[in-house]
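Asker: here you go, sequence then predicted model.
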Amino acid sequence: MKGKIAFGVVISIFFSVNGNRCTGNIPEDINTNIVFNIEKLHNGDAKFFNDKIITSVNGEMCIYNKNGELFKNDYGIHSNWVDTYPEDKVVIYGNFENEIGIAQFDEQYNLIKNNIILKSDNLHIDPAIIKIHGEYYFTATEIVGNVNNADVNQENGRYTVKLYKTSNLLNIEYITDIISEQYNIEDVDLIEFDNGLGLIYEKETVDKGNSSIEIISSNGKDYKNWNAKTILESPDCDHEPASMIYNGDHTYSLYYSCDRENPGKSYMGGNIYESKFDKDFKKLRNKKIYTETQTGILLYDVQKDGGKINFLFAKNYLTDCDLVKETSSIPVSPSS
């Protein structure tokens, strides 16, 4: 839950991913350099938003330029978790007031629409949004009971990922509960496949403990029924998924941070990794991304931009909580 979240039948998923995740061949070796480091920003969740970055500081939505300069912070929107559909300049957000809202901006990033679409007695976290055939589909994760449990002796709350749709960013239609478990289900992301929707998420027993990254796909295009889950990363460290990228060659790259090299340190010992999968999500390889920032990385988002790949993350989230952007020094292949 950035911003303070077996087997299964192998999913036969075909070849294209659309929506708010990029596509294209990624270089075999990635070394990155710091573009900016905003010290002690203490922001919440953050996402790339076209040529901007959207995040929350002190529970208020704000936008930064791609060089790290503040663009605007007076939108008056209370937010703690954000996701984007950049093509339409749409942002879905959640906050500690138990609200899920959707905001839309014009070409100059002036706010033109802001609607609270869900209000509940229970907290809803980590909203995700995608657009398919003119309809926006979004999730919100409802927590009933203990939130973000960090004690193995305490009972976990029940986390339920609920799926909705809207055509006008105001009126919503409930579709189904995708998953409901007494684990911390966090860092949810939606991706579109040729034959349906996919949901990627982190599953952990206790906050900052070992966690898995899992994927589940819809059975059909009405998105009401979902297949068995598949484990992408086993719970051998604290995983924080950020982005799944389709590589254009029937493979996918999952980017995440984890404390594999510094067991038990969670965000404070995190580095960035890429796992590459085939179309059935059989792992082909795993490798570390060599960042200028040595460790202490909580990865928020990944973006392909102008032949390079960008990484957005918190540095030392539990103490300084700097917001950092690094970019690859090796161009992406022109065929991407």
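Answerer: The structure has been received and is ready for your questions.
Asker: quick check: pLDDT value at the residue lying closest to Asn146 once chain neighbours are set aside.
Answerer: Once flanking residues are discounted, Asn146 sits nearest to Gly157: 4.2 Å by C-beta to C-beta, 6 or more residues apart in numbering. Just so you know, the C-beta spots here come from the backbone N, C-alpha and C atoms, and that holds for glycine as well. Each residue has a pLDDT score; the one for Gly157 is 96.
Asker: tally of neighbours for Gly157?
Answerer: Around Gly157 there are 20 other residues, counting by other C-beta atoms under 10 Å.
Asker: the residue nearest to Lys221 when sequence neighbours are not counted and Asn225: what is the separation?
Answerer: Take Lys221 and drop its neighbours on the chain: the residue closest to it by C-beta to C-beta, 6+ apart is Gly196, 5.8 Å away. Distance of Gly196 to Asn225, computed by C-beta to C-beta, to the nearest Å: 10 Å.
Asker: overlap in contacts, these two.
Answerer: Counting by C-beta atoms under 8 Å, 6 or more residues apart in numbering, the residues touching both Gly196 and Asn225 are Ser218, Asn219.
Asker: pick out whichever of those two has more residues nearby.
Answerer: More neighbours surround Gly196 than the other of Gly196 and Asn225, with 20 against 11 (other C-beta under 10 Å).
Asker: how close does the more buried one get to Asp222?
Answerer: Gly196 is 9 Å from Asp222, by C-beta to C-beta.
Asker: picking that back up, residue contacts, the residue nearest to Asn146?
Answerer: By C-beta under 8 Å, 6+ apart, the contact set of Gly157 is Ile143, Val144, Gly145, Asn146, Val147, Asn149, Gln182.
Asker: distance of the residue positioned nearest the centre of the chain from Lys47?
Answerer: Centrality entry for the chain: nearest residue to the mean C-alpha point is Ala242, 4.5 Å, by C-alpha atoms, centre = their mean. As judged by C-beta to C-beta, Ala242 and Lys47 stand 10 Å apart.
Asker: which residues do these two both contact?
Answerer: Joint contacts of Ala242 and Lys47 (C-beta under 8 Å, 6+ apart) are Tyr300, Asp301.
Asker: show me where pLDDT drops low in the stretch 151-300 of the chain?
Answerer: Counting by pLDDT under 70, not a single residue of the stretch 151-300 of the chain qualifies.
Asker: which parts of the stretch 101-250 of the chain are strands?
Answerer: 111-119, 123-132, 135-144, 158-166, 173-181, 184-193, 196-204, 211-217, 230-237, 239-246 (DSSP state E, counting those that start in this stretch).
Asker: nearest to Arg285, out of these?
Answerer: strand 230-237 (12.9 Å; C-beta to C-beta).
Asker: specify the angle between that closest one and strand 196-204 in degrees.
Answerer: 20 degrees (axes from the mean of the first three to the mean of the last three C-alpha atoms, to 10 degrees).
Asker: please name every helix or strand in contact with strand 230-237.
Answerer: For strand 230-237, the packing partners by 3 or more C-beta pairs under 8 Å, 6 or more residues apart in numbering; DSSP states H and E come out as strand 196-204, strand 211-217, strand 252-258, strand 271-277.
Asker: in it, what's buried?
Answerer: Buried positions in strand 230-237, judged by neighbour count with 16 or more other C-beta atoms under 10 Å: Thr230, Ile231, Leu232, Glu233, Pro235, Cys237.
Asker: one more: stretch 100-115?
Answerer: Going by neighbour count (16+ other C-beta under 10 Å), the buried part of stretch 100-115 is Ile100, Gly101, Ile102, Ala103, Phe105, Tyr109, Leu111, Asn114.
Asker: residue at max distance from the center of this structure?
Answerer: Asn153 (28.7 Å).
Asker: if I look at that residue, how far off is Glu99?
Answerer: Here Asn153 is placed at a distance of 32 Å from Glu99 (C-beta to C-beta).
Asker: now Pro235
Answerer: 31 Å.
Asker: the nearest residue to Leu163 once chain neighbours are set aside: neighbour count?
Answerer: Nearest non-adjacent residue to Leu163, counting by C-beta to C-beta, 6+ apart: Ile175, 4.4 Å away. By other C-beta under 10 Å, 18 other residues sit near Ile175.
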